[in-house]
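> Predicted model, plus sequence, below.
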Amino acid sequence: MTLNLYSFIFLADAIQTNYENKNFPIYKALNHFDDFYKTVYGNKLWRSLRLGLLCNNKYCAVINNYSDPQSSIEYLENRGALNIRTLFELQYEKQKLKRNDFNTEKPKEIIQKMEEKMESLISDKEKTDKLSSIYCKYEKVPIKEKERVIIEDEEETTEDEDETRKSVEKLSLIEGLKDAHIDKSRIIHPKNSVSAATLFEFIPATQIKGLETWISEVDHYEYYKKSLDFPINVEEENYLNFPEHLNVFTFEKCNINYFPKPSVGSTGVLNGGSILPVLALDLKKGDRLLDMCGAPGGKSITAFQTLMPDEVVCNDISLSRINRIRKVVKEYLYDDSTINKFIISHQDGLSIDKFDYFNKILVDVPCTNDRISVNVNENNYFSSNRVKERLHLPELQCNILTAALKLVARGGTVVYSTCSLSPVQNDGVIQMALRRMWEETDNEIVVNYKLSIALYYFRDLSQAFNPANILYYIGNNIGMKYGIMVLPHLTANFGPMYFSKLKKLK
Ligand SMILES: C[S@@+](CC[C@H](N)C(=O)[O-])C[C@H]1O[C@@H](n2cnc3c(N)ncnc32)[C@H](O)[C@@H]1O
């Protein structure tokens with residue numbers, strides 16, 4: 001099914017009724033995000049994200065190599081689904097040809113052929129833009145009165161005005177930095193890593209302790225924004241090793257087809273953004289992977305399906321969620337020889353003490369899970385009995401990430417991810433954890449900048465994840481410093497999914 005205006009109106013109508021009761025956590029969550037994310041993303045982008053969050057999200061199907069992969073692949077291909085690996089490979093090949101030998105006739109022909117092939121696979125940009133403009137104007141989901149007035153009165157900003165605003169923001173950041181006390185003697189690997197000034201400017205989570213009642217997330221964000229700085233010039237790696245045995249299918253932009261219910265064990269269906277943090281792990285033969293907050297197991301199982309790691313430990317603190325992993329594993333990895341390589345562990349991630357054992361750690365931390373928060377009342381972080389827990393999330397996230405950075409073997413990689421749009425839970429936590437590592441250990445950690453975008457220096461999205469733009473709506477100019485963000489969008493309704501890659505040099 002291809003998305004058109006009518007399906008959009010239908011979707012928007014369907015979601016309206018859920019927001020009538022102001023005591024519902026989903027109403028509170030939406031209200032909170034309206035206040036906070038408008039200041040972060042700007043009114044126009046937030047309205048588009050909001051609509052994406054409120055509509056059905058898009059999925060990916062991961063082929064189970066322990067079932068009958070070939071027939072599942074054929075089945076999905078016949079339904080018009082795309083293998084994400086094929087898209088990555090095509091796009092990389094194109095990039096390489098353009099880079100290496102752009103002047104000879106042959107590569108040009110090949111590039112043209114590839115472009116034709118890509119065009120036949122993905123929707124044309126014109127269609128996507130048209131759709132975006134339709135749903136950005138269409139507002140059916142309730143919004144607060146004061147905001148409604150602003151929206152109605154608001155004039156659209158022109159591109160020129162946007163550029164001016166960006167350069168003013170950039171200038172004020174640079175000005176702010178001039179005043180900062182920079183102790184240059186403490187800067188490690190100035191080219192590759194985070195400067196001391198950056199680390200020390202950020203408000204530590206511990207200082208927020210006890211002040212939750214009066215530091216709003218918006219103020220926290222303002223504080224954090226001040227510490228965005230410095231241009232980075234590193235050798236970039238341009239290509240990602242897409243594991244050859246990992247087959248993940250989805251539909252192109254604007255196509256909102258659903259996957260049919262798979263026969264048990266043949267394919268696993270997961271939120272489409274989830275595959276990207278797994279790819280960021282860059283799994284190699286012999287790796288030992290710890291998925292520190294692993295339940296219900298979607299990412300662990302995807303990592304296992306690469307057939308690369310010697311061992312995958314899927315850990316979680318919650319027994320009920322651990323039981324869910326057990327069920328999923330029974331369905332998907334029923335081969336006894338594989339069970340020994342896929343280990344389920346039930347403990348607090350903070351107390352795991354197998355130091356220097358794992359060379360890859362995934363920390364998919366508990367977070368506000370924005371899509372769930374605005375759609376499901378049950379067990380919602382915005383219910384009144386979970387306020388404190390919610391406000392402590394960045395602190396918990398920072399503790400878990402710091403524990404993973406301490407645990408991972410030297411030379412190893414930690415990938416941090418959330419499904420929140422909040423910069424405090426994303427780049428903010430990375431920055432807090434880097435600061436703690438700096439203070440508490442002698443380790444040298446670098447954020448893998450090949451994966452990051454620095455808005456204020458207009459660096460492009462890294463080459464490595466460039467092909468993902470074909471399927472996902474990736475936030476290119478949204479001020480992300482340490483990671484990549486998949487944004488919800490009606491034409492590609494994945495995410496939100498933020499991920500960042502950190503390496504322990506020594
Ligand atoms: C976002 S979910 C993980 C989803 C999972 N990675 C997947 O792809 O299916 C976060 C998980 O963190 C777990 N968690 C929270 N605190 C934890 C801790 N201290 N140690 C380990 N797990 C924790 C929660 O129980 C929850 O299952």
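Perfect, thanks for sending it.

> alpha carbons only for contacts and neighbour counts from here, please
Noted.

> What's the biggest strand in this protein, counting residues?
Secondary structure of the chain per DSSP state E: the longest strand is strand 497-504.

> Tell me if it is near the ligand.
No - residues of strand 497-504 contacting the ligand under C-alpha under 6 Å from any ligand atom: none, with a closest distance of 10.4 Å.

> Show me what that strand is packed up against.
helix 275-280, strand 413-418, strand 445-447, strand 484-486 (3 or more C-alpha pairs under 8 Å, 6 or more residues apart in numbering; DSSP states H and E).

> Lowest average confidence across the ones you listed, which one?
The minimum mean pLDDT among the helices and strands packed on strand 497-504 belongs to strand 445-447 (a mean of 81).

> Does anything pack onto it? Which helices or strands?
Partner elements for strand 445-447 (3+ C-alpha pairs under 8 Å, 6+ apart): strand 497-504.

> Direction included, what does the strand it packs on pair up with?
In the sheet, strand 497-504 lines up against strand 413-418 (antiparallel), strand 445-447 (antiparallel), strand 484-486 (antiparallel) (DSSP bridges).

> CA atoms of that strand as CSV?
What follows is strand 497-504, C-alpha atoms only, in CSV (Å, rounded to 0.1, in the frame of the first residue of the first chain):
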residue,chain,number,x,y,z
MET,A,497,16.5,5.7,17.4
TYR,A,498,19.6,7.4,18.5
PHE,A,499,23.0,5.6,18.5
SER,A,500,26.5,6.5,19.1
LYS,A,501,29.7,4.4,18.9
LEU,A,502,32.6,4.7,21.4
LYS,A,503,36.0,3.0,21.3
LYS,A,504,38.3,2.3,24.2
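
> ok, and what's touching it?
273-274, 276-277, 280-281, 405, 408-421, 426, 443-448, 451-452, 482-487 (C-alpha atoms under 8 Å, 6 or more residues apart in numbering).

> Tell me the residues of the chain that contact the ligand?
Close to the ligand, as judged by C-alpha under 6 Å from any ligand atom, the chain has residues 292-299, 316-318, 321, 348-350, 364-366.

> Go through the residues you listed and flag which are in helices.
298, 299, 321 (DSSP state H).

> So, low pLDDT: which residues of this protein?
1-18, 98-238, 260-267, 334-337, 448-463 (pLDDT under 70).

> could you pull out the strands for the chain?
With DSSP E as the criterion, the chain has strands spanning 59-63, 82-83, 248-250, 267-271, 288-291, 311-315, 342-345, 360-364, 413-418, 445-447, 484-486, 497-504.

> can the ones you listed go into TSV with extra columns for mean neighbour count and distance to residue 393?
Formatted as TSV, those follow (neighbours: other C-alpha atoms under 10 Å; distance: least, C-alpha to C-alpha, whole Å):
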stretch	mean neighbour count	distance to residue 393
strand 59-63	25	26
strand 82-83	21	35
strand 248-250	25	31
strand 267-271	20	22
strand 288-291	25	19
strand 311-315	23	19
strand 342-345	18	23
strand 360-364	26	13
strand 413-418	28	11
strand 445-447	22	22
strand 484-486	27	19
strand 497-504	25	15
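
> Do I have it right that residue 296 meets residue 324?
Yes - counting by C-alpha atoms under 8 Å, residue 296 touches residue 324, with 5.6 Å between them.

> neighbour-wise, which of those two wins?
Per other C-alpha atoms under 10 Å, whichever of residue 296 and residue 324 has more neighbours is residue 296, with 22 against 14.

> can you count the residues close to the closest residue in space to that one that isn't next to it in sequence?
Computed as C-alpha to C-alpha, 6 or more residues apart in numbering, the closest residue to residue 296 that is not its neighbour in sequence is residue 325, at 4.9 Å. For residue 325, the count of nearby residues is 23 (other C-alpha under 10 Å).

> Identify the residues contacting residue 325.
Neighbouring residues of residue 325 by C-alpha under 8 Å, 6+ apart: 295, 296, 297, 344.

> Could you check how far residue 46 is from residue 61?
According to C-alpha to C-alpha, to the nearest Å, residue 46 stands 28 Å off from residue 61.

> possible to save the strands paired with strand 497-504 as a markdown table with distance to residue 469?
Shown next, in a markdown table, are the strands paired with strand 497-504 (distance: least, C-alpha to C-alpha, whole Å):
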| stretch | distance to residue 469 |
| --- | --- |
| strand 413-418 | 18 |
| strand 445-447 | 22 |
| strand 484-486 | 9 |
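
> now the residue in the stretch 401-506 of the chain positioned nearest to the ligand: how far from residue 26?
Nearest to the ligand in the stretch 401-506 of the chain, going by C-alpha to the nearest ligand atom, is residue 418, at a distance of 6.7 Å. As judged by C-alpha to C-alpha, residue 418 and residue 26 stand 19 Å apart.

> Kindly report the same for residue 381.
From residue 381 across to residue 26, the span is 9 Å (C-alpha to C-alpha).

> what sits in contact with each of the two?
Common neighbours of residue 381 and residue 26 (C-alpha under 8 Å, 6+ apart) are residue 373.

> ok, back up a step: give me the buried subset of the residues of the chain next to the ligand.
292-299, 316-317, 321, 349-350, 364-366 (16 or more other C-alpha atoms under 10 Å).

> picking that back up, so can I have CSV of the helices and strands packed on strand 497-504 showing distance to residue 503?
Supplementary listing: those in CSV, determined by distance: least, C-alpha to C-alpha, whole Å:
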stretch, distance to residue 503
helix 275-280, 12
strand 413-418, 5
strand 445-447, 5
strand 484-486, 16
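
> which stretch among these comes nearest residue 30?
strand 413-418 (18.2 Å; C-alpha to C-alpha).

> what's next to the closest one, contact-wise?
With C-alpha under 8 Å, 6+ apart, strand 413-418 has contacts from 277, 280-281, 359-367, 369, 401, 404-405, 408, 425-426, 497-504.

> could you give the angle of it to strand 360-364?
10 degrees (axes from the mean of the first three to the mean of the last three C-alpha atoms, to 10 degrees).

> List the contacts of the residue of the stretch 351-500 of the chain found nearest the ligand.
Nearest residue of the stretch 351-500 of the chain to the ligand: residue 366, at 3.9 Å (C-alpha to the nearest ligand atom). Residue 366 sits next to 293, 393, 397, 418 when contact means C-alpha under 8 Å, 6+ apart.

> separation between the third one and residue 258?
Computed as C-alpha to C-alpha, the residue 397 to residue 258 distance reads 33 Å.

> Please apply the same query to the second one.
The gap separating residue 393 from residue 258 is 33 Å, by C-alpha to C-alpha.

> okay, residue 397 and residue 258: which has more neighbours?
Using other C-alpha under 10 Å as the criterion, residue 397 and residue 258 rank with residue 397 on top: 26 against 13.

> Leaving aside the residues adjacent along the chain, what's closest to that one?
Leaving aside its chain neighbours, residue 397 sits nearest to residue 365 (6.0 Å; criterion: C-alpha to C-alpha, 6+ apart).

> What is the burial count for residue 244?
10.

> Grab the nearest non-local neighbour of it.
Nearest non-adjacent residue to residue 244, counting by C-alpha to C-alpha, 6+ apart: residue 306, 7.2 Å away.

> Give the full set of residues in contact with that neighbour.
243, 244, 245, 246, 283.

> Alright, I will stop here.
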